[in-house]
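1. Sharing a model that was predicted from the sequence below.
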Amino acid sequence: MADNTIKLSAFTGMSNVEDAEELFVKQGVARPRIILNADVTNSGKIVKRDGQTKIINLTDGHSQWAGATCHLVMDGTTLKRITGKTATAIGSIGGMKAKTYYAEVGNLVYISNQYTNMVFDSSDNSLSAWGLAVPNGPVLTAGSGGLEAGSYHVCTTKYSGSDLSGSSPISNIVLSATGGIAITNRQSDEIVWCTDVNGDLFYRVGAVDNIVAIPSVEPLPTLFVTQPPFMENICHAFGRIWGSRGNIVYYSDAFHLDWFRPSFNMMEFATPVTMIARMRTGLFVGCEDRTYCMLGTEPSQMQQLDVGSGAVPGTLAYCSNIIELGDTISPPEKKHVSVPVWVSQEGIVIGNAVGRIFSLTQGKVKFAPGSEGASLYRQRNGEFQFLTSFFKGSSASSMGASDEATCEVIRNGKVI
């Protein structure tokens with residue numbers, strides 16, 4: 001009787017690109033067209049994937065995220081912190097359900113969606129506003145003091161501890177003779193700033209209701225600053241928070257994550273932004289149609305390069321233990337950390353520190369990326385894994401699926 005046993009010593013993953021591809025790539029080493037519910041280890045072994053176990057009930061869960069200090073998820077409009085098998089309600093994030101984005105800086109997690117901005121402190125589970133509100137403009141009248149006759153401009157800022165808001169609308173007053181300026185509507189948490197006579201630079205006067213002299217020592221640092229706009233795809237890099245709204249990328253002042261100047265500190269792209277990924281030498285900005293590398297760490301000096309096809313929103317994850325990626329400066333044995341990996345319109349890609357993108361699936365797996373997805377990076381049983389899931393096709397109405405051939409197997413039990 002003939003021995004029909006197929007002897008396999010190792011697997012190299014799967015490739016569904018060629019229908020007639022042989023099972024073996026070399027003697028004893030298999031590369032099948034379809035592998036279902038299994039992983040291939042670094043040593044070439046194939047292991048069955050575990051099933052799913054529900055440990056936490058959410059009524060309307062979405063926008064899950066985990067960083068160095070905490071694990072967060074949205075349940076409708078309520079932010080919850082996951083600790084082990086417990087979900088603790090933190091507070092409301094906006095009045096309507098919306099995809100929510102996170103950026104971690106130390107113990108603080110900056111949170112934004114299209115309706116609200118908040119800051120979560122993982123050390124005490126507290127929520128606070130992201131940035132101080134800009135005050136109303138001051139109401140001015142002439143008073144007594146030692147100011148020269150002439151024109152003066154006055155504004156106010158709110159303060160809380162060492163935090164300072166953006167400047168209020170500017171008010172103007174003209175003194176016809178030597179005197180002072182009285183402010184009739186200043187709140188207790190507001191600081192007054194005023195120009196010299198007929199001047200255009202604002203200087204700190206203090207938390208006062210009457211201006212009798214201008215100490216021209218401390219200039220106003222927050223002229224035209226506002227609270228952050230409501231953003232998506234937020235990212236912390238180079239001492240700034242970056243985020244998008246439509247086809248605009250906004251960024252904060254350096255090392256002042258509450259200070260935004262949307263009219264000035266922004267970058268405009270041709271189509272809506274779907275991803276902002278940091279690397280040590282710049283940013284990858286994914287759009288609906290193309291992905292760009294913004295080389296440089298100072299916005300005004302960044303060089304824009306077109307590096308690939310559009311990025312699928314929600315699929316970005318940062319991976320470590322990554323081998324050499326075509327960067328001739330680093331030796332092949334070097335392992336890279338915090339490397340951005342995402343799903344593009346042409347497959348799963350990885351970006352290196354010199355702004356190049358490499359496909360991890362080209363020539364191996366063919367699939368329709370869809371319009372949105374989710375990804376994570378994990379270590380399991382000593383193996384590092386990038387896991388991604390996305391809607392099949394552009395309608396985002398079908399089941400979460402992977403490649404076309406696998407979908408055929410799921411539907412029909414075989415590839416037709």
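-> Cool, got the structure. Numbers count the residues shown, from 1 in each chain.
2. Bridged to L140, which residues?
-> Beta-bridge partners of L140, counted by DSSP bridges, are I183.
3. An error on my part: the question was meant for Y102.
-> I111.
4. what's around it, how many residues?
-> 20 (other Cβ atoms under 10 Å). Placement of C-beta: from N, CA and C, glycine included.
5. longest strand in the chain, by residue count?
-> In the chain, with assignment by DSSP state E, the single longest strand is strand 150-160.
6. can you list the residues that contact it?
-> The contact list for strand 150-160 (Cβ atoms under 8 Å, 6 or more residues apart in numbering) reads 132-135, 137-138, 140, 164-175, 181, 183, 186-187, 189-195, 197-200, 202, 211, 220, 222-223.
7. which other residues reach stretch 229-244?
-> Contacts of stretch 229-244 (Cβ under 8 Å, 6+ apart): 99, 101-105, 110, 112-117, 228, 245, 249-255, 257, 260, 262, 272-278, 283, 297-299, 313.
8. swap the cut-off to 6 Å and go again
-> 101, 103, 105, 110, 112, 114, 245, 250-252, 254-255, 257, 262, 273, 275-276, 278, 297 (Cβ atoms under 6 Å, 6 or more residues apart in numbering).
9. For R81, which three-state class applies?
-> Using DSSP: H, G, I helix; E, B strand; the rest coil, the structure places R81 in strand.
10. How about the contacts made by V208?
-> Each residue near V208 by Cβ under 6 Å, 6+ apart is listed here: V192.
11. which residue ranges form the helices in the protein?
-> Taking DSSP state H as the criterion, the chain contains helices spanning 404-412.
12. where does it dip in pLDDT?
-> Counting by pLDDT under 70, the chain contains low-confidence ranges at 1-3, 18-21, 324-333, 392-416.
13. From the contacts of strand 150-160, list just the buried residues.
-> 132, 134-135, 138, 140, 164-168, 171, 173, 175, 181, 183, 186, 190-195, 202, 211, 220, 222 (16 or more other Cβ atoms under 10 Å).
14. now the spatially most central residue of the chain, nearest residue through space, not along the chain?
-> In the chain, the C-alpha nearest the mean C-alpha coordinate belongs to I234, at 2.6 Å (Cα atoms, centre = their mean). Spatial nearest neighbour of I234, excluding adjacent residues (Cβ to Cβ, 6 or more residues apart in numbering): G243 at 3.9 Å.
15. Quick one: neighbours of the one you found, just the number.
-> Applying other Cβ under 10 Å, we find 25 residues neighbouring G243.
16. Write down the beta-bridge partners of it, one by one.
-> Residues in beta-bridge contact with G243 (DSSP bridges): Y250.
17. Can you tell me how far it is from I191?
-> According to Cβ to Cβ, to the nearest Å, G243 and I191 sit 28 Å apart.
18. Same question for L223.
-> 13 Å.
19. Over to T274?
-> Plainly put, T274 is 40 Å away from I191 if you go by Cβ to Cβ.
20. I figured L283 was touching M294, is that so?
-> Yes - using Cβ atoms under 6 Å, L283 is in contact with M294, at 4.5 Å.
21. ok, these two, which is more surrounded?
-> Set side by side, L283 and M294 give different neighbour counts by other Cβ under 10 Å, the larger being at L283 (27 against 21).
22. can you pull the contacts of that one?
-> With Cβ under 6 Å, 6+ apart, L283 has these contacts: M294.
23. same thing but at 8 Å, please
-> 235, 237, 242, 276-277, 293-294, 302.
24. Next: A177.
-> Applying Cβ under 8 Å, 6+ apart, one finds that A177 lies in contact with A149.
25. 10 Å instead, please
-> Going by Cβ atoms under 10 Å, 6 or more residues apart in numbering, A177 touches 142, 147-149.
26. would a markdown table of these with distance to T5 be doable?
-> Below are the contacts of A177 laid out as a markdown table (distance: Cβ to Cβ, whole Å):
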| residue | distance to T5 |
| --- | --- |
| A142 | 101 |
| L147 | 99 |
| E148 | 101 |
| A149 | 104 |
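27. Among those, which one has the most neighbours?
-> L147 (23 neighbours).
28. doesn't I211 make contact with that one?
-> Yes - counting by Cβ atoms under 10 Å, I211 is a contact partner of L147 at 6.9 Å.
29. Next, show the common contact partners of the two.
-> Common neighbours of L147 and I211, counting by Cβ under 10 Å, 6+ apart, are 173, 179-181, 194.
30. how close does the spatially closest residue to I55 that is not a sequence neighbour get to D75?
-> Spatially, and ignoring its direct neighbours in sequence, I55 is nearest to K85 (4.6 Å; Cβ to Cβ, 6+ apart). As defined by Cβ to Cβ, K85 lies at a distance of 15 Å from D75.
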